[in-house]
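> just need the structure, nothing else, for what follows:
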Amino acid sequence: MANANRICAANDCRNPAKTCGFCGKHYQRLQKYGDANHAVTPKAADGEPMRFLMEVAVPCSSDDCLTWPFAKTTHGYGQLWTDHPYRLELAHRVICRIVHGDAPTEKHEVAHSCGNGFSGCVNPRHLRWATRVENMADKIRHGTTFRGNHPNAKLLVSDVISIRAASGTDGEIAVKYGVSRSSINMIRARVSWKWVEA
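Numbers count the residues shown, from 1 in each chain. Alright, predicted model coming up:
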């Protein structure tokens, strides 16, 4: 009864508070997004995502990014339900398939030349089929991968190149860089950081 006669603490909400000072809707947003006031993309009208895809995205002739305005994955990529077969698909894959044909193999991915796939870019001029290696190379070039940039990484790419060129024992190099001897051994043996060219 502690929440009796209390109003939801979320901005501009006049619903009764039910849990932790929030109404059911805003409490769910708090749980899901960590912010009760998180703006949720409104549900698209039936057929609207496909209409946008066919009438706006596919014929796009601009070189600017075109952001998917509907539902997105937690990583920021657009998604929509397609017919034949009815399933949830990534918007950029659907557009790439329509504009550039089917993927050469099942393992091919869609690469974004703009580096803004995580922002929901669906401009077909920015999309192409690529192998996993090609797509990862793009991500490294755009700086959209955690490789060497992760906030918890102790080493940078330049450190790895120096470690591979260094003389001395694994133990001596480990002390210099503040990592374990086994980490140095795996870097030198190209078991870890194998994507870094010398």
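> contact partners for the residue at minimal distance from the centre of the chain?
Nearest to the mean C-alpha position of the chain, counting by Cα atoms, centre = their mean, stands residue 75 at 3.5 Å. Contacts here follow Cβ atoms under 8 Å, 6 or more residues apart in numbering; on that basis residue 75 touches residue 118. In short, each C-beta sits where N, CA and C put it, glycine included.
> for residue 117, see how far away it is.
Separation of residue 75 from residue 117 (Cβ to Cβ, to the nearest Å): 9 Å.
> just to revisit the earlier point, SS state for the residue nearest to the centre of the chain?
On the three-state scheme (DSSP: H, G, I helix; E, B strand; the rest coil), residue 75 is labelled coil.
> and the pLDDT for it?
pLDDT recorded at residue 75 is 80.
> relative to residue 28, how far out is it?
Counting by Cβ to Cβ, the gap from residue 75 to residue 28 is 21 Å.
> thought residue 87 was touching residue 93?
No. Here residue 87 does not reach residue 93: they are 11.3 Å apart, not a contact under Cβ atoms under 8 Å.
> those two: which is more packed in?
A count of neighbours by other Cβ atoms under 10 Å puts residue 93 above the other of residue 87 and residue 93, at 20 against 9.
> show me the shaky parts of this structure.
1-4, 40-43, 145-153, 197-198 (pLDDT under 70).
> just so I have it, where are all the helices in it?
Here the chain has its helices, by DSSP state H, at 24-33, 48-52, 91-100, 132-142, 157-165, 170-177, 181-188.
> and the ones you listed as CSV, adding distance to residue 15?
As requested, the helices of the chain are exported to CSV (distance: least, Cβ to Cβ, whole Å):
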stretch, distance to residue 15
helix 24-33, 7
helix 48-52, 28
helix 91-100, 33
helix 132-142, 43
helix 157-165, 51
helix 170-177, 55
helix 181-188, 53
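> which one of those is the most hemmed in?
Ranked by mean neighbour count, those are led by helix 91-100 with a mean of 20 (mean count of other Cβ atoms under 10 Å).
> returning to what we had before: out of the helices of the chain, which comes closest to residue 71?
helix 48-52 (7.7 Å; Cβ to Cβ).
> which residues touch residue 116?
Residues in contact with residue 116 (Cβ under 8 Å, 6+ apart) are 65, 126.
> swap that for residue 37, sorry
The contact partners of residue 37, by Cβ under 8 Å, 6+ apart, come to 10, 11, 26, 29.
> and for residue 195, the neighbour number?
Neighbour tally, residue 195, other Cβ under 10 Å: 15.
> just checking, it touches residue 157?
No. Distance between residue 195 and residue 157: 9.4 Å, which falls outside the contact criterion (Cβ under 8 Å).
> how far away is residue 9 from residue 97?
According to Cβ to Cβ, residue 9 and residue 97 sit 45 Å apart.
> any idea how far residue 27 is from the nearest residue to residue 69 once chain neighbours are set aside?
Leaving out its chain neighbours, the residue that sits closest to residue 69 by Cβ to Cβ, 6 or more residues apart in numbering is residue 52, at 6.8 Å. For residue 52, the distance to residue 27 equals 32 Å [Cβ to Cβ].
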